[in-house]
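just need the structure, nothing else, for what follows:
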Amino acid sequence: QVQLVESGGGLVQAGGSLRLSCATSGRTFSDYALGWFRQAPGKERRFVGAISRTGISTDYTDSVKGRFTISRDNAKNTAYLQMNSLKVEDTAVYYCAANRRYPSYAEVEYDYWGQGTQVTVSS
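Okay, here's the model as predicted:
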């Protein structure tokens, strides 16, 4: 089992920045690739980006490329989602998830999930 806990969400104005954290415990953190997803009100949960087990490789959905950056610190068992130039349409609950395969873009490919953290971007 891998436990994941997201933090760092909040309210920010458009154009601002937030950094989300995903702290993990349980199995060896470096054995897992991490993904970030988000779910806007009334919409399905969607892929945001992912990072490989070593952190060397990352991939993002087109709408966040150039604005969001995923990183990880395997010594701290934590992954991060740095979000810059935030837009109102980035408002969502953000989730981190773990699996052993990279890259993975679909929810069903992920074995473990956090509880989510709310990000609200105001205009």
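
so where's the protein shaky on pLDDT?
Judged against pLDDT under 70, the chain has no low-scoring part.

okay, now residue 25: neighbour count?
For residue 25, the tally of surrounding residues (other CB atoms under 10 Å) stands at 11. Where C-beta positions appear, they are placed from N, C-alpha and C, glycine not excepted.

my bad, should have said residue 62
Counted with other CB under 10 Å, residue 62 comes out at 6.

so what's the residue nearest to the spatial centre of the chain closest to, chain neighbours aside?
What sits nearest the mean C-alpha location of the chain, by CA atoms, centre = their mean, is residue 36, with 2.7 Å. Excluding its sequence neighbours, the residue lying closest to residue 36 (CB to CB, 6 or more residues apart in numbering) is residue 48, at 4.2 Å.

these two touch, right, the one you found and residue 59?
No - look at residue 48 against residue 59 with CB atoms under 8 Å: they stay out of range, at 10.0 Å.

just want to know which of these two has more residues nearby.
residue 48 (24 against 17).

how much space between the more buried one and residue 116?
Counting by CB to CB, to the nearest Å, the separation of residue 48 from residue 116 is 12 Å.

shared neighbours of the two, anything?
residue 94 (CB atoms under 8 Å, 6 or more residues apart in numbering).

residue boundaries of the helices in the protein?
In the chain, no segments count as helices under DSSP state H.

where do the strands of it begin and end?
Remark: strands assigned in the chain by DSSP state E are 2-7, 10-13, 18-26, 33-39, 45-51, 58-60, 68-73, 78-83, 92-99, 112-113, 117-122.

in TSV, list those along with distance to residue 106.
Converted to TSV, these look like this (distance: least, CB to CB, whole Å):
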stretch	distance to residue 106
strand 2-7	18
strand 10-13	28
strand 18-26	19
strand 33-39	9
strand 45-51	7
strand 58-60	13
strand 68-73	17
strand 78-83	19
strand 92-99	10
strand 112-113	13
strand 117-122	21
